[in-house]
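Student: model the structure of this input:
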Amino acid sequence: MDVGQLHTDIHSAQQSDTHSLEIIATFTGPDAAPHWSLDGAGLLRYDGHIWVPDVNDLRLRILLNNHDHPVSSHFGQNKTLELVRRDYTWPGVRTFVKDYCKSCTTCVRSKAPRHRPYRFLRQLPIPEKPWNSISINFIDQLSSSLGYTSILVIVDQLMKQAILIATHDTTSAQLAELFVFSKLGVPAHVTSDRRPEFVSHFFRSLGKALNMKLHFTSGYHPEGDGHTE
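Tutor: Residues are numbered from 1 along each chain as shown. Predicted structure coming up:
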């Protein structure tokens, strides 16, 4: 790859890019940002790295040079990102590199995944009657109101009716006291995230004693169970 031609194209793109021109215009004013500079070739740099506008696949050309080039040898995401950041930068460069490496067919064919296998998501139980299947969660770190800083949210999965209980930062034992079984009855299924109060030995023991099935959702997947006990 002709790096000299690439830098020439980046310089031309910076001269036509509105955002780059706005930054260059501030160099002569009182609001000049300390992170920005112009090198001897007239290239706009951010913290010493060449600023690459999103023009004419310039960013893709940089990735081709630092990932697909025979000398680069299809490095992984972290190594490729390190190579790119030695000389270049742009908004969202980490995500751009990550997505590019994931889409590389050569890497997919030749590199085995290093993470543990993903578990299958399981559908939540279908409620048989009101308050038979509920979900619980905390809204915490709120501004103090009458001494309360958290809200325990209990939602019926069938009618989507919610009960809000003002509380403090609670332990597992206090969480059990907040369960208003006299009003709701004992639910058959309780869905929650993996908050320490919910996955504690005390709360699990409470579920077994009351014959409640506890469902702990995976992170960012409240629609299905990552693990069921």
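Student: average model confidence for the lengthiest helix in the chain?
Tutor: Determined from DSSP state H, the single longest helix within the chain is helix 3-16. When pLDDT is averaged along helix 3-16, the result is 90.
Student: residues touching it, excluding its own?
Tutor: By C-beta atoms under 8 Å, 6 or more residues apart in numbering, the surrounding residues in contact with helix 3-16 are 20-21, 24, 41-44, 50-53, 55-56, 58, 61-62, 65. Where C-beta positions appear, they are placed from N, C-alpha and C, glycine not excepted.
Student: at 6 Å instead, please
Tutor: Contacts to helix 3-16, defined as C-beta atoms under 6 Å, 6 or more residues apart in numbering, come from residues 20, 42, 43, 44, 52, 53, 55, 58.
Student: can you give me the strands for the chain?
Tutor: 36-38, 44-46, 49-51, 88-89, 122-123, 133-139, 150-156, 162-167, 189-192, 213-218, 221-228 (DSSP state E).
Student: strands paired with the third one, and their directions?
Tutor: It refers to strand 49-51. For strand 49-51, the paired strands and their directions (DSSP bridges) are strand 44-46 (antiparallel), strand 88-89 (parallel).
Student: for stretch 117-130, measure first residue to last.
Tutor: Distance between the boundary residues of stretch 117-130 (C-alpha to C-alpha, to the nearest Å) amounts to 36 Å.
Student: in that stretch, which residues are buried?
Tutor: 124, 125, 127 (16 or more other C-beta atoms under 10 Å).
Student: and for the closest residue to residue 163 other than its chain neighbours, the neighbour number?
Tutor: Once flanking residues are discounted, residue 163 sits nearest to residue 154: 4.5 Å by C-beta to C-beta, 6 or more residues apart in numbering. For residue 154, the neighbour count with other C-beta atoms under 10 Å is 21.
Student: adding neighbour count, write the contacts of helix 3-16 out as CSV.
Tutor: What follows is these, written out as CSV (neighbours: other C-beta atoms under 10 Å):
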residue, neighbour count
20, 20
42, 11
43, 16
44, 24
52, 28
53, 19
55, 15
58, 19
